[in-house]
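In: just to be clear, the model below is a prediction. Sequence and coordinates:
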Amino acid sequence: MRMFVAALGTETNTFAPLPVDREAFERAFYARPGEHPPTPTLVTAPIVAARARAARDGFELVEGTAAWAEPAGLVARGAYESLRDEILGQLRAAMPVDIALFGMHGAMVADGYEDCEGDLLSRAREIVGPKAILGCEHDLHCHLTPRRVAACDLVVLFKEFPHTDFLARAEDLVDLALRAARGEIRPRMALFDCRRIGGGYMTSHPAGRAFVDRVAALEGRDGILSVSIGHGFHAADVPEVGSKVLVIADGDRARADALAERLGREFIAMGRAGIPPHVKPEDVVATANSHPGMPVVFADRWDNPGGGVPGDGAIMIETLLRHPGVPSAIGALWDPVAVEFCRSAGAGGNLWLRIGGKSTPVSGRPVDAHVVVRAVVPDLVIPFEQSLVSMGAAAAVSIGDLDVVLASKRTQTFSPEAFTRLGIDLSRKKVVVVKSSNHFHAAFRPIAAAIHHLDTGGPFPPDPTRVTYRRVRRPVVPLDPEAQAPGALQEYSMRGSM
C-alpha cells in the first residue's frame, strides 16, 4: 500500500482588500516534503494522521508540501499555481499510489480560480487515475462544489465549531481511505444543497451541540460511513457559496441521498437557533456587570483575522476607555507598527501610541493614547488544540486599567496565553475582548465567568443581505427570501454513483 499526502489552504474573503502572495504562505506556514512538524495545523492534520497510521500499519507514505496562508483577500494567480504545481509534481513523482489525500481549508479563491480545491483535486484525479482512492479534509466553512466532490472518493469536514476536531476528522479520512483501498468499503457520496447563505451553528451553543451529536451518532450505523455539514463561507462571492450536507454511504448512493436530504432540511429548519445572541459594544459593560465573577469574555467576531479581515479595529478600545473604572483587556490587535514602537521603548516605557485603524478604510479610526509598555516578546506562540500558532513579535500596553495586546502577525486569539504570556492576569479583569469568531471558546471557557459574542458591525460582513454578490447562483435565501430555497440534491456526474 502506497499513500501520498499533502496540504494547501487558506480562507479567502473576496471582499477583503488584503492580497495574498506566495510569501504570505511561506510566512504563515510552509513545510517541504518530510519537514512537517509533529504537531498538526488546521489544514495539515491529514499529514500527521497519515504518519501515525503508517507507523502502525506499515504502509509506504510519501509526503508532499504543506502550505497555509492566514485568511485574507484574493490569492494571486502565481501564488496558487506555483504551490498547486509543486504539489502535483510531487504526486506525479510518487506514482503509482493507491491513495492520495489532501488537507485543504475548502474556501480558497485565487485570481482566475473560483474553486481552487476543485481545480487541484480534478488535476490530481487525472494523475492518479480512476482506481486510486482520492480524498480530502475540509473546514466546515468551505464551498462544497460539485467539481471537487465529483473528483473525490472521500470528503470529510470538521464537525465542531470551534474547530476542536481537525485531527480527529483527519484520522477518519485516513481510516476510510485505507478501508476503501483494501476493498472493505465502497464509498458513495451524496451532496444536498440547502440553497442558503449564512446561518449555521456553534457547537459551543446547546442547539448546535445537540445537532452535531445527533449527526455524529449516525456514523457507523446502517451503512453510513461519514456525515458532514458544510456551513459555507459567506464572505466569498463565488457561485457555490452556501450551506450543503455531504453523506458517504457504503455502496448505497440512494441511502446517502436520503440521509443528506433529511439532514439538509433539518439544518435549514434550524435557522439561526444554533448561534447565540450578539451583544452591541455599548452594552458590553452592563452585560459584564450582570455576571458575578471575572473575567467576562466577549468575542469580537466580525473583526476576526480568521475571517480574512485585518483585525486592527479599535472600536472596542474606544468603548472600554469610556469606562475607565472597569478593569479590562483586549487582544490581539494586528499592528506591527505599534509593536515596533513598543519594542523600541522597551518594557516600562512611556509613549504616545496610535493603535489600530492602520491597514484599510474598513478598519475604522485608530485610537491615540499615552500608554505604558507592560511587556514585549520577540515571538508570542500560543496553543490552538494540538497546534501551536505564532503571533509574531508582540507587546502589551496599558491605558489606565485597560490592557491591550498588539501582535505583528494576523491571527485569531485562540488562547488566554496571548494575554498571560505578556503578564496580564485575566482573573483581575472584568471584561476581556478577544479577536476571534469562536475558536477561542474551548481554551477560554475554563477561566471565564461568562462568554458572549459581539456585533461590532464589521469589517467582516455579518449580514449576507448587506453584501453585494455578483457571482452567486440564484435564487438563494436570504438574498431571495420569497423563494424559500427548499434545497435540492446536487445533480452531477459523481464517481462511484453506479
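Out: Noted; the coordinates are in hand.

In: now stretch 144-153: buried residues?
Out: By neighbour count on 16 or more other CB atoms under 10 Å, the buried set for stretch 144-153 is 144-153. (Glycine included, C-beta is placed from N, CA and C.)

In: likewise for stretch 468-483?
Out: 469, 472, 476-477, 479.

In: tabulate these (JSON lines), appending secondary structure and pLDDT.
Out: JSON lines is the format used below for these (DSSP: H, G, I helix; E, B strand; the rest coil; pLDDT from 0 to 100):
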{"residue": "Tyr469", "secondary structure": "coil", "pLDDT": "95"}
{"residue": "Val472", "secondary structure": "coil", "pLDDT": "96"}
{"residue": "Val476", "secondary structure": "coil", "pLDDT": "94"}
{"residue": "Val477", "secondary structure": "strand", "pLDDT": "93"}
{"residue": "Leu479", "secondary structure": "coil", "pLDDT": "93"}
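
In: same list (those) but as TSV, adding distance to Asn438.
Out: Below are these laid out as TSV (distance: CB to CB, whole Å):
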residue	distance to Asn438
Tyr469	24
Val472	24
Val476	24
Val477	23
Leu479	24
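
In: of those residues, closest to Arg186?
Out: Closest to Arg186 out of the buried residues of stretch 468-483 is Val476 (33.3 Å), distances taken as CB to CB.

In: what's the top strand by length along the chain packed up against?
Out: Across the chain, the strand with the greatest residue count (assigned by DSSP state E) is strand 367-377. For strand 367-377, the packing partners by 3 or more CB pairs under 8 Å, 6 or more residues apart in numbering; DSSP states H and E come out as helix 315-321, helix 336-345, strand 350-355, strand 394-399.

In: quick one, strands of the stretch 51-200 of the chain?
Out: Listed in chain order, the strands of the stretch 51-200 of the chain (DSSP state E, counting those that start in this stretch) span 60-68, 99-103, 133-138, 154-157, 187-193.

In: which stretch among those comes nearest Pro292?
Out: strand 154-157 (38.6 Å).

In: what domains does the record give for this structure?
Out: Domain segmentation of the chain under automatic domain parsing yields 2-274, 281-454.

In: among these, which is nearest Pro464?
Out: Here domain 2-274 is closest among these (CB to CB), at 4.5 Å.

In: can you give the distance from the closest one to the centre of its chain?
Out: Between the centre of domain 2-274 and the centre of its chain there are 12 Å (CA atoms, centre = their mean, to the nearest Å).

In: okay, how far is it across it, tip to tip?
Out: Distance across domain 2-274, first residue to last, is 42 Å (CA to CA, to the nearest Å).

In: let me see the contact set for the residue of the chain most remote from its centre.
Out: Taking CA atoms, centre = their mean, the residue of the chain most remote from its mean C-alpha position is Asn350, at 37.2 Å. For Asn350, the contact set (CB atoms under 8 Å, 6 or more residues apart in numbering) comprises 370-373.

In: same check on Leu246?
Out: Here Leu246 is in contact with 144, 149, 155, 157, 189-192, 226-228, 230, 260 (CB under 8 Å, 6+ apart).

In: dump these into TSV; add pLDDT and distance to Leu178 as well.
Out: Shown next, in TSV, are the contacts of Leu246 (pLDDT from 0 to 100; distance: CB to CB, whole Å):
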residue	pLDDT	distance to Leu178
Leu144	97	23
Val149	97	20
Val155	98	16
Leu157	98	19
Met189	98	18
Ala190	98	22
Leu191	97	23
Phe192	97	27
Ser226	98	14
Val227	98	20
Ser228	98	19
Gly230	97	24
Ala260	97	24
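
In: going by distance to Pro206, which of those wins?
Out: For the contacts of Leu246, the residue nearest Pro206 by CB to CB is Val227; the value is 20.0 Å.

In: can you verify that closest one is assigned to a strand?
Out: Yes - assessed with DSSP: H, G, I helix; E, B strand; the rest coil, Val227 lies in a strand.

In: how close does it sit to Leu246?
Out: Counting by CB to CB, to the nearest Å, the separation of Val227 from Leu246 is 8 Å.

In: quick one: contacts for Leu74?
Out: 12, 14, 19-20, 109-111.

In: and the residues you listed, which is closest to Pro130?
Out: Using CB to CB, these come closest to Pro130 at Ala110, 27.2 Å.

In: run a quick neighbour tally on that closest one.
Out: Other residues lying near Ala110 total 22 when counted by other CB atoms under 10 Å.

In: settle this for me: it is touching Gly73, isn't it.
Out: No - with contact defined as CB atoms under 8 Å, Ala110 and Gly73 do not form a contacting pair (10.6 Å).

In: overlap in contacts of the two?
Out: Common contacts of Ala110 and Gly73 (CB under 8 Å, 6+ apart): Thr12.

In: next one: Ile243, what pLDDT does it get?
Out: Quick fix: residue 243 is Ser, not Ile. Per-residue pLDDT puts Ser243 at 97.

In: what number of residues lie near it?
Out: Ser243, neighbours per other CB under 10 Å, totals 26.

In: OK, contacts around it?
Out: Contacts of Ser243 (CB under 8 Å, 6+ apart): 194, 196-197, 199-200, 229-232, 267.

In: related to what we said a few turns ago, can you list the strands of the stretch 51-200 of the chain in a markdown table and add mean neighbour count?
Out: Putting the strands of the stretch 51-200 of the chain into a markdown table (neighbours: other CB atoms under 10 Å) gives the following:
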| stretch | mean neighbour count |
| --- | --- |
| strand 60-68 | 22 |
| strand 99-103 | 28 |
| strand 133-138 | 26 |
| strand 154-157 | 27 |
| strand 187-193 | 25 |
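
In: quick one: closest of those to Lys430.
Out: Nearest to Lys430, of all the strands of the stretch 51-200 of the chain, is strand 60-68, at 35.7 Å by CB to CB.

In: now the closest one - C-alpha only, PDB.
Out: Extracted in PDB, the C-alpha atoms of strand 60-68 (Å, rounded to 0.1, in the frame of the first residue of the first chain):
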ATOM      1  CA  GLU A  60       4.500   3.400   2.500                       C
ATOM      2  CA  LEU A  61       3.800   7.100   3.000                       C
ATOM      3  CA  VAL A  62       5.000   9.800   0.600                       C
ATOM      4  CA  GLU A  63       4.600  13.400   1.900                       C
ATOM      5  CA  GLY A  64       4.300  16.400  -0.300                       C
ATOM      6  CA  THR A  65       4.400  20.100   0.500                       C
ATOM      7  CA  ALA A  66       2.200  21.600   3.200                       C
ATOM      8  CA  ALA A  67       1.300  25.300   2.900                       C
ATOM      9  CA  TRP A  68      -1.100  27.700   4.700                       C
END
